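[1] Okay, predicted coordinates and the sequence, questions at the end:
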Amino acid sequence: MEIEVEDGDGGSGSRGGNVGVVAHLVWEDLTVVVPSFGSGATRRVLQGLSGYAEPGRLMAVMGPSGSGKSTLLDSLAGRLSRNVILSGNVVLNGKKRSLDHDGVAYVTQEDVLLGTLTVKETLTYSAQLRLPTIMTKEKVNSIVEETIKEMGLEHCADQLIGSWHLRGISSGEKKRLSIALEILTQPHLLLLDEPTSGLDNASAFFITQTLKNAAFNGRTVISSIHQPSSEVFALLDDLLLLSNGETVYFGEAKMALQFFAEAGFPCPSRRNPSDHFLHCTNSSFDTVRSTLIRSHKMHEPEQSSDSLMNLGAVEIKATLIEKYNCSKYATKTRSRIREISNTVRNLSIIYELN
Ligand SMILES: Nc1ncnc2c1ncn2[C@@H]1O[C@H](COP(=O)(O)OP(=O)(O)OP(=O)(O)O)[C@@H](O)[C@H]1O
Ligand SMILES: [Mg+2]
């Protein structure tokens, strides 16, 4: 494994100082608790999550609404709100520290853009503020042009962003602009919260393909994705599936189907894998399921062959978590975390000796 270690404060790359630097991120036993005030009970939003993200790979965080996807990304980005308590470790390139620094970019769910500027103006102003001041105007402009091209925004570069009273670029284009603003400085770790929400399949595919390209260029990319199409799912390298703040699956995205089959919940042949995973972990489906079972019984009283029809989501989730914890996938995750930690630590020592 080749690792180029950086000190976390950025090096001296051609943009923001992060070119050639890679990010190995490890989180261990991450727990987020919302303390009780008054009579309410303390709530665990994340429950002892462990995992890792590596350069060159695109990881998706999936799970039903309220499962803790944004909380995990906030924890990794060091941007948790102050009313919650975080415990556990988040380690970047062998160093335990807040990730809220140079080289780490976070695209949040909300787009914060100024409606009266054009796409190109937005990127140019941001580049002028965030790229090194010694950079020539020509270089800044060429980076802006390059980013516009990379994000497929050429056709709307001179269009106003727009607002509620001024029609501007589309939601998909806004989302691509938000990502473009973050990749201007070439971060080595890119975190995104639901960049494809509210977009049609083609726009969601385009954005995911862009993230895949960003990962291909050596970045570490972690993104929460809400119910991806099968085409989008096929682009993912790794998958973290959450339910109520617990890990249902962590590992290669393409192995998730095998895990679900081994755990006794195989994906029906014509179902989109991500629909199946969310179906198994979303307790809201219990209501839908009971309605289905009731109507099913009217015609066919025997047990259904679909394993999902005979169990509640709470039961399925508990089984999946138990099976995952003693699976080869969990063992692989634990050993890879140790491997990354040791390799980065050893390289840091060599780096410091030199
Ligand atoms: N700062 C906070 N204070 C109180 N509760 C919180 C806080 N942050 C998160 N939560 C709770 O934790 C749970 C998980 O929230 P989170 O936003 O991480 O879910 P999510 O998976 O991102 O959901 P969605 O898909 O709807 O965006 C929710 O029930 C939320 O209310
Ligand atoms: Mg969220």
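    Arrived safely, thanks for sending. Ligands and ions are numbered 1, 2, ... in the order given.

[2] Find the nearest non-adjacent residue to the residue minimising distance to the centre of the chain, please.
    Residue closest to the average C-alpha location in the chain (C-alpha atoms, centre = their mean): residue 223, at 1.9 Å. Leaving aside its chain neighbours, residue 223 sits nearest to residue 192 (4.0 Å; criterion: C-beta to C-beta, 6 or more residues apart in numbering). (Each C-beta comes from the backbone N, C-alpha and C, glycine too.)

[3] Parallel or antiparallel, list what pairs with whichever strand or helix holds that neighbour.
    Following DSSP states H and E, the helix or strand that holds residue 192 is strand 189-193. As defined by DSSP bridges, the strand partners of strand 189-193 come to strand 104-107 (parallel), strand 220-224 (parallel).

[4] Run a quick neighbour tally on residue 218.
    A total of 16 residues lie near residue 218 under the criterion other C-beta atoms under 10 Å.

[5] secondary structure class for it?
    coil (DSSP: H, G, I helix; E, B strand; the rest coil).

[6] What distance do you get for it to ligand 1?
    Residue 218 is 28 Å from ligand 1, where distance means C-beta to the nearest ligand atom, to the nearest Å.

[7] Hmm, that residue is touching residue 56, no?
    Yes. Under the criterion of C-beta atoms under 8 Å, residue 218 makes contact with residue 56 at 5.9 Å.

[8] which parts of stretch 159-178 are buried?
    Of all the residues in stretch 159-178, those buried under the rule 16 or more other C-beta atoms under 10 Å are 159-162, 168-169, 172-178.

[9] can you list these in a markdown table and add secondary structure and pLDDT?
    Shown next, in a markdown table, are these (DSSP: H, G, I helix; E, B strand; the rest coil; pLDDT from 0 to 100):
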| residue | secondary structure | pLDDT |
| --- | --- | --- |
| 159 | coil | 95 |
| 160 | strand | 95 |
| 161 | coil | 94 |
| 162 | coil | 91 |
| 168 | coil | 90 |
| 169 | coil | 93 |
| 172 | helix | 88 |
| 173 | helix | 91 |
| 174 | helix | 92 |
| 175 | helix | 91 |
| 176 | helix | 92 |
| 177 | helix | 94 |
| 178 | helix | 93 |
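
[10] wait, which of those is closest to residue 124?
    Nearest to residue 124 out of the buried residues of stretch 159-178 is residue 177 (C-beta to C-beta; 12.3 Å).

[11] how about the nearest residue to residue 252, chain neighbours excluded?
    Distances taken as C-beta to C-beta, 6+ apart put residue 238 closest to residue 252, at 6.0 Å, once the chain neighbours are dropped.
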